[in-house]
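**Q** Need coordinates for the below:
(chains A, B and C)
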Amino acid sequence: MTMNKYSIINTHVHNVDGIAKVTGRATYTFDVKLPGMLYGKILRSPHPHAKILSFDYSKALQLPGVMEVVTGKDTLGVKQGIWRRFQDLCDEQMLTVEKVRYIGEPVAAVAGLTEEIAEQALDLIDVEYEVLPAVFEPLDAIKKEAPEIHEGFERNINVTRHIEWGDVDAAFEEADYIREDWFRVGGQAHMCMETRAAVSSYSPDGKLTVYSSTQAPYYMQGLLAGVLGLKEGNIRVISHYVGGGFGGKFELDGAIFCSAVLSMKLHRPVKIVFSREEDFTATKRRTPMSYYVRTGVKKDGTFCAREAKVFTNGGAYTGMGATALYLTGFFHSFPYRWKGYRYDGYRVYTNTLPSTSMRGFGAPQAMFCSEQQIEWIAADLGLDPIEIRRKNAHYPGYEVPGQATIVSCGIDQCFDVIQKWIKDKGKLPKNRAIGISAAGFMSGGIFNWFDTPYSFSSAVVTINYDGTVELYVGAQDIGQGSNTTMAIICAETLGVKVEDIKVHSGDTEHCPADLGAWGSRQTLMAGNAVKMAAEDAKKQLLEVAYAQSGFNIVYDLDIKNRWVHAIDRPERGYDYADLVKKAIRGKDGQRIMGRGYYTPHRKGMISPAYSYMLQGVEVEIDKETGKIKLIDSLTAHDCGQPINRLGLIGQLEGAFSMAAGYGYLEYMPFEDGKLMNPNLVDYKVIRATEMPEVSVAEIDTYEPEGPYGAKEAGEGLTNPTAAAIGNAIFHSLGVQMKECPIRPEMIVNALKEKEAKEREKK
Amino acid sequence: MEKRLLKLNVNGQEYELYINPKTLLVEAIRDHIGLTGTKRACETVSCGACTVMIDDMAVKSCSLLAVQAEGRHVRTVEGLETNGKLAPLQKSFLDHGSYQCGFCTPGMLMTSEALLRENPAPTREEIREGIEGNICRCTGYNSIVRAVEAVAKGNYKGESS
Amino acid sequence: MSEPVKCPVCGKQAKTGSSIDCARHMFGTGDKKHRAWVEAQGLSFIDLLIEQATTPGNRSYVVLAEMIEKTQDKLKNSEEA
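**A** Model (predicted):
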């Protein structure tokens, strides 16, 4: 492992929000209380598909303490969506006007003096519905006779995506062995500890302030402007502390919209917090998919061709489902070279909970199918599972035809690490097996479907007279530690200590626009903006230092650990704070200000940089009950230069817990469009007793596009685990699990089927 | 229902509340006393975000009425520090990065504090069992276990508040 | 029995020349011409596609393959006539 050449980067740095979080001082939207604040509750549709005929809320308005009731008719009725550049995909009125398309859809909202009163008022609102036939599965929704969910979308097909390269048919012809499989991957709930929450406050001067538990304050600002008919500049979104996001909180939701509408009517703050049940039933979820995969390889394991046909259950609205549809097809090819590759994806509307982005963004689904099928192919051909992968893996400089240029890529070293880990484990106890899965992921997307005119990320650095630094970023900390990562990059670049940096984020009034925390973009994109801003500020300081120094032109000055010095003569120098004082005087008393920004240009179809990994999971399976116990895991991981060391470990362990949940725990059963387990008793998330020790081995690579060589870490890590668990089950029991989450009864049934087949043969 | 006077001792401080007897302890703490460190993340007594200590025992404060805590010593996350000096567990959480979004953290700290009072030298398994009732969606628990273990090992001796 | 099957739309011979491989090819290209041909035979391209993706077994390919075989016979007959 190379010596750490940095003072702060990749060292043990406390999270900069730590004191607030461990002392209960951190104020989440959940905690916000404003003078005169009212409480809002949302009335939701009990039907999966129905026309709204009429409302009668006169009784509700008469209940003492009820201040207002609003319905879709009290809004502009704007159909919004986050894909602003594609108007036909902007299909969601946050308070629907004419019809409901899923159980739980908001139809009215009430504001009352207390939460209890608002809740009581809901029961006093009468809604007359004309129930329409509903469909819940893509297979039924595309039938000719199926009810039309959105006008103009024939056969309820919402979006289609096609990715193809090479001559696929010719590539299949070259294959010695072809295998095809059908998979069904489930949805998943984000299940953030802080449910959706918002406090909106509209004042008579036409300004709206919204406290929101959001991943993207700038997106909220833009979207709210569109649906409320306000100017972006008259909307302030505040999100200092966010209790988790995981991809479910960068679109508009009912809490934000309804609280804003109510507040605009009442000119008083209105707070809406979703109950846990609402958070399960009435927010968007990970996209469930059906996957057909056909793969052709040579008998020596060289990959020739792959063809995938995917249908995703879009639910009632588009959300971020169009991006998930594309990314699942793209990452389904990762991290391998295919001579011919073809992906057809179809997103179908149904009358169920809309599906959208969730950590991994379609890639965990893709890997569950791809990495298991590759394991089965290796077994069918008698090839080593690691060597078959290594043979076909990406390498630095590889071009995914028409899609991406891979610059840094450490996947090959990942194979070595896991190979050694497996070898060192030796013979495993009975009922235990190791499963592996490779993966790769994007470091932010190049797409601008939001149609922003702003740089994707921006940053401003201001240096005070005492040398303390104000860092303004639009990057949003949702727990992943972006405030700390940005502070680290700023401090390293400027040459000061992390404690000198005060990070300002989560307030559109004071912070620059930034696309927010999704798609693993912030370390690379906001990090680049911060680096540029800090370099700008440092340059202004050093100009003064050079002028003073009288050094010969060949000497370079630098600032490191608050020490201004010539690089060749580090022992001679002076305190950075003295330089700051002089520089401010030199600028007529103005603070030193640096600006930075970043937008990817000409970086392919998806991302400027990709992380890579190979994960091994040791699993113990009880044949009788089908119960799974996770024993151990190692992930060989290439994220370029790690920046925030504590943050990285946290991301690995956290991603593992969520990805494992997707693999074997977090089942979301629906019946006629109704979620059957909308609570934390029946919806199983992993607990401390079920979590194994997990380790990471960082592979040393350098990504030129990232700040100090950094790439994403934390979302890619959710991609491999479900597949790795499936592969462990395959090696232990010889059964192929084609559906996830893998529940105990599925394993028991698979074993029974296997035994029955073996008896037949005899 | 008629409101009644309730005296609650929270973090060593006596509070006088005038509340509806149906009020849950978590509501009394957050909304009536105004200590918002304690969170709520479910309605089914399943997640542990609302955990406080009552007479040194970890209790989910959504699972009992405020009136049931009368005459007992309630401790919330705000009561862990003394005059701005952090408790050993809090310092250990900082050192180990045992939080990310931080929403489960107050409950996690109180459960851990109660655990260590009952069992000052727990094994890793015992720590995991001790925090089983607290859900964390961000960290995967392992950094929390490491933090509690470090305090149990005595790494923060002499720093108790 | 079989002469290799040629795609009725673009004339290509897919892999082994079987009707199933021709069906795979038709689904694979998915372009307007091929879809239009499928629809013109009274089949629904999208119905077959979704069944192929969501139901194990290759019923969709079989259905399309049979249709392709029928048209091969028609072609042959018209040649002979």
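**Q** you'd agree A:G440 is in a helix?
**A** No - if the criterion is DSSP: H, G, I helix; E, B strand; the rest coil, then A:G440 is strand and not within a helix.
**Q** That one and chain C, how far apart?
**A** When distance is defined by C-beta to the nearest C-beta, to the nearest Å, A:G440 is 24 Å away from chain C. C-beta coordinates here come from the backbone N, C-alpha and C atoms, glycine included.
**Q** Correct me if wrong: that residue contacts A:L717.
**A** No - using C-beta atoms under 8 Å, A:G440 is not in contact with A:L717; the gap is 11.1 Å.
**Q** and these two? which has more neighbours close in?
**A** Neighbours per residue, other C-beta atoms under 10 Å in any protein chain shown: of A:G440 and A:L717, the larger number sits with A:L717, 31 against 25.
**Q** Now do the same for the closest residue to chain A within chain B: its pLDDT.
**A** Taking C-beta to the nearest C-beta as the measure, chain B has B:G37 as its residue closest to chain A, at 2.1 Å. For B:G37, the pLDDT comes out at 98.
**Q** and it, helix, strand or coil?
**A** Using three-state DSSP as the criterion, the local structure at B:G37 reads coil.
**Q** Give the residues shared as contacts by A:G440 and A:L717.
**A** Between them, A:G440 and A:L717 have A:M613 as joint contacts when contacts are counted by C-beta atoms under 8 Å, 6 or more residues apart in numbering or on different chains.
**Q** What does the residue nearest in space to the middle of chain B show for phi and psi?
**A** If you average the C-alpha coordinates of chain B and look for the closest C-alpha using C-alpha atoms, centre = their mean, you land on B:M110, 2.7 Å from that point. Comment: the main-chain dihedrals of B:M110 come out as phi -70, psi -40, following degrees, to the nearest 10.
**Q** Quick check: longest helix in chain C by residues?
**A** Taking residue count as the measure and DSSP state H as the definition, the longest helix of chain C comes out as helix C:59-80.
**Q** can that helix be found next to chain A?
**A** No - Helix C:59-80 lies apart from chain A when judged by C-beta under 8 Å from any C-beta of the partner chain; the minimum separation is 9.7 Å.
**Q** before we move on, back to that, nearest residue to the residue nearest to the centre of chain B in space, ignoring adjacent ones along the chain?
**A** In this structure, B:M110 finds its nearest non-sequential neighbour in B:T51, 4.6 Å apart by C-beta to C-beta, 6 or more residues apart in numbering or on different chains.
**Q** Report the beta-bridge partner residues of that neighbour.
**A** Partner residues in beta bridges with B:T51: B:K60, with DSSP bridges as the criterion.
**Q** That one: neighbour count?
**A** Neighbour count for B:T51, taken as other C-beta under 10 Å: 30.
**Q** got it, and B:P120?
**A** A total of 10 residues lie near B:P120 under the criterion other C-beta under 10 Å.
**Q** That one touches B:A152, doesn't it?
**A** Yes - counting by C-beta under 8 Å, a contact exists between B:P120 and B:A152, whose distance comes to 6.5 Å.
**Q** returning to that earlier point: quick one: the residue nearest to the centre of chain B and B:C50 touch, right?
**A** No - taking C-beta under 8 Å as the definition, B:M110 is not a contact partner of B:C50, at 9.3 Å.
**Q** Go through chain A and flag its longest helix.
**A** helix A:527-549.
**Q** In terms of secondary structure, what does it contact?
**A** strand A:457-463, strand A:469-473, helix A:482-494, strand A:557-560, strand A:563-566, helix A:576-586, strand A:592-598 (3 or more C-beta pairs under 8 Å, 6 or more residues apart in numbering or on different chains; DSSP states H and E).
**Q** tell me the average confidence for it?
**A** 96.
**Q** just the angle between it and strand A:592-598, please?
**A** 150 degrees (axes from the mean of the first three to the mean of the last three C-alpha atoms, to 10 degrees).
**Q** got the buried residues for helix A:527-549?
**A** Applying a neighbour-count criterion of 16 or more other C-beta atoms under 10 Å in any protein chain shown, one finds A:527-534, A:536-538, A:540-542, A:544-545, A:549 buried in helix A:527-549.
**Q** Could you do stretch A:611-626 as well?
**A** For stretch A:611-626, the neighbour count (16+ other C-beta under 10 Å) marks A:S611, A:Y612, A:M613, A:L614, A:Q615, A:G616, A:V617, A:E618, A:V619, A:E620, A:I621, A:G626 as buried.
**Q** show me the contacts for the third one.
**A** If I follow you right, that is A:M613. Contacts were defined as C-beta under 8 Å, 6+ apart; by that measure A:M613 touches A:411, A:414, A:438-440, A:635-638, A:716-717, A:719-720.
**Q** Just the buried ones from these, in PyMOL syntax?
**A** The PyMOL command for the buried members of the contacts of A:M613 (criterion: 16+ other C-beta under 10 Å) is given here:
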select buried, chain A and resi 411+414+438+439+440+635+636+637+638+716+717+719+720
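**Q** Let me know the closest of the contacts of A:M613 to A:N15.
**A** Nearest to A:N15 out of those is A:L717 (C-beta to C-beta; 18.5 Å).
**Q** just the helices in chain B please.
**A** Across chain B, reading from the start of the chain, the helices by DSSP H fall at B:25-27, B:88-96, B:105-118, B:124-130, B:142-152.
**Q** Figure out which of those helices is closest to A:G18.
**A** Nearest to A:G18, of all the helices of chain B, is helix B:88-96, at 4.6 Å by C-beta to C-beta.
**Q** Let me know the average pLDDT across that closest one.
**A** 98.
**Q** What angle do helix B:105-118 and that helix make with each other?
**A** 120 degrees.
**Q** Which single residue in chain B comes nearest to chain C?
**A** Using C-beta to the nearest C-beta, the single residue of chain B nearest to chain C is B:R137, 31.1 Å away.
**Q** surely that residue meets A:M193?
**A** Yes - if you go by C-beta under 8 Å, B:R137 and A:M193 touch, sitting 5.3 Å apart.
**Q** roughly how far apart are the residue of chain B closest to chain C and A:Y454?
**A** 31 Å (C-beta to C-beta, to the nearest Å).
**Q** For those two, indicate the residue with more neighbours.
**A** When neighbours are counted by other C-beta under 10 Å, B:R137 comes out ahead of the other of B:R137 and A:Y454, with 26 against 17.
**Q** got a list of what the residue in the stretch 201-350 of chain A that chain B sits nearest to touches?
**A** The stretch 201-350 of chain A approaches chain B most closely through A:G243 (3.4 Å), counting by C-beta to the nearest C-beta. By C-beta under 8 Å, 6+ apart, the residues touching A:G243 are A:Y28, A:F30, A:C192, A:M193, A:E194, A:S213, A:G479, B:K39, B:A41, B:C101, B:G102, B:F103.
**Q** is any part of stretch A:309-321 close to chain C?
**A** Yes - for stretch A:309-321 and chain C, the contact criterion (C-beta under 8 Å from any C-beta) is met by A:K309, A:V310, A:F311.
**Q** Give me the subset of these lying in strands.
**A** When DSSP state E defines the strands, the subset of the residues of stretch A:309-321 next to chain C inside them is A:K309, A:V310, A:F311.
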